[in-house]
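Student: what's the 3D shape of this:
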Amino acid sequence: METEIRTADSGEKIHIIVFYPVCESEQAYYFNWTLRIMNGALLAFGAFLSWETRQVHIEALNDSKTIGICVYNVVILSAVELLLSLLLKNKPIELHGVSSVCLFAGTFVSKMLIFLPKMLAVYRNPNATPPTALNLESLTPSHLATQRIDVATIRSPEHGNTNKTDGKMD
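Tutor: Here you go, the predicted model:
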């Protein structure tokens with residue numbers, strides 16, 4: 001709580017008390033660290049998924065490099081926010097401002113890195129059709145065999161036999 005002393009036009013001193021409502025708890029420390037650990041685990045899982053999908057050959061789906069840059073951006077901003085939150089523990093207004101700026105910057109930059117190239121591609125060529133991974137109309141049994149797609153065996157409940165079918169029941 002801060003107190004300011006000002007003088008009025010009449011010459012008398014006026015005391016102004018400035019206070020900020022802050023919600024605190026004895027368990028707030030544990031709650032905040034639990035949230036930070038969960039967010040870190042989600043960030044690590046996102047980095048793992050980005051690493052695993054780096055070899056996808058469909059260009060529209062291969063965002064692993066961009067996602068890696070986004071993860072790096074979020075980690076740096078989270079580290080800055082964590083450090084400043086520990087330093088500004090007793091200044092709630094500044095802490096809220098720093099947290100808000102770090103959160104907004106991380107989210108904004110990540111969304112722009114992922115979606116801006118896609119929006120620009122659509123803006124440049126609005127009539128383009130997206131490439132398909134597999135043209136389902138041209139599939140024949142020999143084509144399926146060459147693509148190493150195994151046709152599932154289906155056991156018919158009426159006859160009890162196993163047939164290789166195209167998905168139709170006897």
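
Student: I'd like to know which helix or strand in the chain has the lowest mean pLDDT.
Tutor: Least confident helix or strand of the chain, by mean pLDDT, DSSP states H and E, is strand 153-155 with a mean of 44.

Student: Which stretches in this structure count as strands?
Tutor: Using DSSP state E, the strands of the chain run over 2-7, 13-18, 153-155, 162-164.

Student: worst average pLDDT in those strands?
Tutor: Of all the strands of the chain, the minimum mean pLDDT falls on strand 153-155 (a mean of 44).

Student: shaky segments in this structure?
Tutor: 1-6, 8-9, 60-61, 129-170 (pLDDT under 70).

Student: Give me the distance between Leu77 and Leu88.
Tutor: 16 Å (CB to CB, to the nearest Å). For the C-beta atoms, the positions are set from N, CA and C on the backbone; glycine is no exception.

Student: the more surrounded of these two?
Tutor: Leu77 (19 against 16; other CB atoms under 10 Å).

Student: quick one, what contacts the more buried one?
Tutor: For Leu77, the contact set (CB atoms under 8 Å, 6 or more residues apart in numbering) comprises 102-103, 105-106.

Student: again, only this time at 7 Å
Tutor: Counting by CB atoms under 7 Å, 6 or more residues apart in numbering, Leu77 makes contact with 102, 105-106.

Student: Buried ones among these?
Tutor: 102, 106 (16 or more other CB atoms under 10 Å).

Student: quick one: which of the contacts of Leu77 is nearest Cys23?
Tutor: Ranked by distance to Cys23 (CB to CB), the contacts of Leu77 are led by Cys102 at 20.5 Å.

Student: The closest residue in space to that closest one that isn't next to it in sequence: what's it in contact with?
Tutor: Sequence neighbours aside, Glu81 is the residue nearest to Cys102 in space, at 4.0 Å (criterion: CB to CB, 6 or more residues apart in numbering). Contacts for Glu81 (CB under 7 Å, 6+ apart) come out as 98-99, 102.

Student: Leu84 - how many residues pack around it?
Tutor: Counted with other CB under 10 Å, the neighbours of Leu84 add up to 17.
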